[in-house]
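Chemist: Show me the folded form of this:
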Amino acid sequence: MSLTKTISRKEDPLSANNKITLSRYFPKGTQYFYAYPAEEASHFYNAVPPEVEEVVAARPLSCCGPNVKVICFAESLKQKSWEMLNDLNAINIERKNILTLPEKITTAIKGNERNDLICESLSKMVKKGKLLMAQPFLDARLKSFYQIPPQRTIWLNDKRNLSSFIPQQFLPRRYFEFLDGMCFHETEEKVPLPCVVKVSSSSSGDGVRICRTKKDLEEAKHEFRKIEGMIIVDEYINIKKNLGVQFGIPYDLKKPIEIIGIHEQLTSKDGAFLGGILDLEEEKFYRKKLSTLLIKKILPEVQRKGWYGIGGFDVLVDKKGKFHFVDANFRMTGMTTYDFLVRNKIIKKSLISFSGLFHGNESEFREKIMKIATPKNKDQMLFITALTEKNNMYRFNAAMIFDNKRQMKVNAKKLIESGVISEVMSQVCEGKI
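Modeler: This next block holds a predicted model:
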């Protein structure tokens, strides 16, 4: 299949204008780049390696709709990956609506060199007033190209500013704010334990450390000592659930603000995002609990600040059932596509999302993985939404569907036995999830 060939998606219900896609919330012609600038080039702390960023940037291909163009890395659009995603009916875009970064931007290029090459390329390929980035570069070359002023997005994403649109009673107690990592490293203040140490502008769990002991605290001080941004220390919440709330604020002020989905978040012991569980019954329960607060109070305040699009909140539920908003992500998240698929009734079961690796040739990947991810296959248990391949290493984002917790464990075991490497699936098999 030629990469220049237009792919017909008439059979794909996600293409319909009345379905939940990025096109529902952004103006026609938006050029969306879901990327993580290296280190602190966007005033966010990012530790995402380039090979993961390539997969992340490809996520919008499965949920952009008819009016949004997507910017991707060249590696994500290699012939093999493109054909496989089409075979899985996972691409929700015509090839002409994809903007591809130059092939010279490879995973071997990192840090400031990578940032510079991406900024230079974007300045030559995007249209003025059309660019939207998950975490925008502040490079002067791109200033006139943004649709929403980047400083606005940066300000909203900064954890220090949560109180400007979320009522105080729904925020954890703030113990300290330090000007930068060195100030935190040198402090002699007595920090209450347990606590949560955060780089105030960070996402996906990067720059978050849960400190239960004095040793944990000293390790966080050492790790963050070179961070240029502010370090905050918050109350540790003894949680019952860690929720991800996905919302949509349309650019058209006449259209309603929506809660797209609510799911349980899966994180590492340090708080890094690993995946999510969307239990259909639990989703209904928490939607009812949070709807009025979000729709009537919090999201209209965000809208008044001049922001629109897809975003999410990290919300902790404590043992007493109280909600604590601990982070805001004014961008797509790792669960956006799956929340869309559930809302659009493409997925009608509960699901658990994860990132996976598979080592093998194309024939092995098709037989062991794609076979159980093929639409309308009676044995389908996977929905793959992003995929890259390099040197017989397949890196992908997917959701595994299940009817109950027992089946979730059985399916996870099948995936591990098929050669899938995934921390989430391993934890399911071990009974930790």
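Chemist: now the strands for the stretch 101-250 of the chain?
Modeler: For the stretch 101-250 of the chain, strands defined by DSSP state E, counting those that start in this stretch occupy the ranges 131-133, 174-178, 195-199, 208-211, 231-235, 239-249.
Chemist: and residue 408, which of the three is it?
Modeler: Under the three-state scheme (DSSP: H, G, I helix; E, B strand; the rest coil), residue 408 adopts helix.
Chemist: count of residues packed around the nearest residue to it once chain neighbours are set aside?
Modeler: Among residues not flanking residue 408 along the chain, residue 402 sits closest, at 4.0 Å (CB to CB, 6 or more residues apart in numbering). (Glycine included, C-beta is placed from N, CA and C.) Residue 402 sits with 20 neighbouring residues when counted by other CB atoms under 10 Å.
Chemist: Next: the one 4 residues further on.
Modeler: Summarising burial for residue 406: neighbours were counted as other CB under 10 Å, giving 9.
Chemist: Quick check: closest non-adjacent residue to residue 130.
Modeler: According to CB to CB, 6+ apart, the nearest residue to residue 130 is residue 31 (4.7 Å).
Chemist: same question but for residue 422, I mixed them up
Modeler: Counting by CB to CB, 6+ apart, residue 356 is the residue found nearest to residue 422 once chain neighbours are left out, at 4.4 Å.
Chemist: Equivalent analysis for residue 209, please.
Modeler: residue 220 is the one closest to residue 209 (CB to CB, 6+ apart), at 4.2 Å.
Chemist: next one: residue 330
Modeler: Closest to residue 330 by CB to CB, 6+ apart is residue 311, at 4.3 Å.
Chemist: what about the one you found, which helix or strand?
Modeler: Following DSSP states H and E, one finds residue 311 within strand 309-318.
Chemist: per-residue confidence averaged over stretch 319-330?
Modeler: Across stretch 319-330, the average pLDDT comes to 94.
Chemist: Same check on stretch 345-354?
Modeler: For stretch 345-354, the mean pLDDT works out to 94.
Chemist: now swap in stretch 292-303 and tell me
Modeler: Averaged over stretch 292-303, pLDDT sits at 97.
Chemist: how far away is residue 116 from residue 352?
Modeler: 38 Å (CB to CB, to the nearest Å).
Chemist: picking that back up, ok, now which ones touch the residue nearest to residue 330?
Modeler: 246-249, 302, 328-331 (CB atoms under 8 Å, 6 or more residues apart in numbering).
Chemist: Please apply the same query to residue 298.
Modeler: 165-167.
Chemist: Just the buried ones from the residues you listed?
Modeler: 165-166 (16 or more other CB atoms under 10 Å).
Chemist: now the contacts of residue 298 as TSV including distance to residue 380 and pLDDT?
Modeler: Listed next are those as TSV, based on distance: CB to CB, whole Å; pLDDT from 0 to 100:
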residue	distance to residue 380	pLDDT
165	40	96
166	39	97
167	43	96
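Chemist: And the helices in the stretch 151-300 of the chain?
Modeler: 181-186, 214-223, 280-292, 299-304 (DSSP state H, counting those that start in this stretch).
Chemist: Report the central residue of this protein.
Modeler: Closest residue to the average C-alpha location of the chain: residue 333 at 2.2 Å, with CA atoms, centre = their mean.
Chemist: Make sure residue 263 is actually in contact with residue 244.
Modeler: Yes: applying CB atoms under 8 Å, one finds residue 263 in contact with residue 244, separated by 5.1 Å.
Chemist: hmm, back to that, for residue 419, see how far away the residue nearest to residue 209 is.
Modeler: 36 Å.
Chemist: And residue 260, by the same measure?
Modeler: Taking CB to CB, one finds residue 260 at 33 Å from residue 419.
Chemist: Look at the two and report which has more neighbours.
Modeler: Set residue 260 next to residue 419 and count neighbours by other CB under 10 Å: residue 260 wins out with 20 against 16.
Chemist: residues in contact with stretch 282-289?
Modeler: Here stretch 282-289 has contacts from 241, 243, 259, 261-264, 317, 323, 342, using CB under 8 Å, 6+ apart.
Chemist: Just list whatever residues bridge to the residue nearest to residue 422.
Modeler: residue 396 (DSSP bridges).
Chemist: Looking at residue 116 and residue 352 now, which is surrounded by more residues?
Modeler: Neighbours were counted for residue 116 and for residue 352 using other CB under 10 Å; residue 352 has more, 25 against 16.
Chemist: ok so the more buried one is a strand residue?
Modeler: Yes: checked against three-state DSSP, residue 352 lies within a strand.
Chemist: Identify the bridge partners of it.
Modeler: Bridge pairing for residue 352 - DSSP bridges - gives residue 277, residue 400.
Chemist: ok now do the residue nearest to residue 408, which residues does it touch?
Modeler: By CB under 8 Å, 6+ apart, the residues touching residue 402 are 349-352, 381, 408, 411.
Chemist: tell me which of those is nearest to residue 278?
Modeler: For these, the minimum distance to residue 278 (CB to CB) is 5.1 Å, reached by residue 351.
Chemist: how near is that closest one to residue 138?
Modeler: Distance, residue 351 to residue 138, by CB to CB: 36 Å.
Chemist: So which of these two has more stuff around it?
Modeler: In terms of neighbours (other CB under 10 Å), residue 351 is the more surrounded of residue 351 and residue 138; the figures are 28 against 14.
Chemist: Pull the contacting residues for that one.
Modeler: Contacts of residue 351 (CB under 8 Å, 6+ apart): 277-278, 338, 342, 383, 399-402.
Chemist: next one: residue 237
Modeler: Neighbours of residue 237 in contact, by CB under 8 Å, 6+ apart: 172, 316, 318, 324, 326.
Chemist: and what of residue 173?
Modeler: Contacts of residue 173 by CB under 8 Å, 6+ apart are 234-235.
Chemist: where's it relative to residue 235, distance?
Modeler: Separation of residue 173 from residue 235 (CB to CB) stands at 4 Å.
Chemist: can you check residue 309 too?
Modeler: For residue 309, the distance to residue 235 equals 30 Å [CB to CB].
Chemist: Same check on residue 72?
Modeler: Taken as CB to CB, the span from residue 72 to residue 235 is 40 Å.
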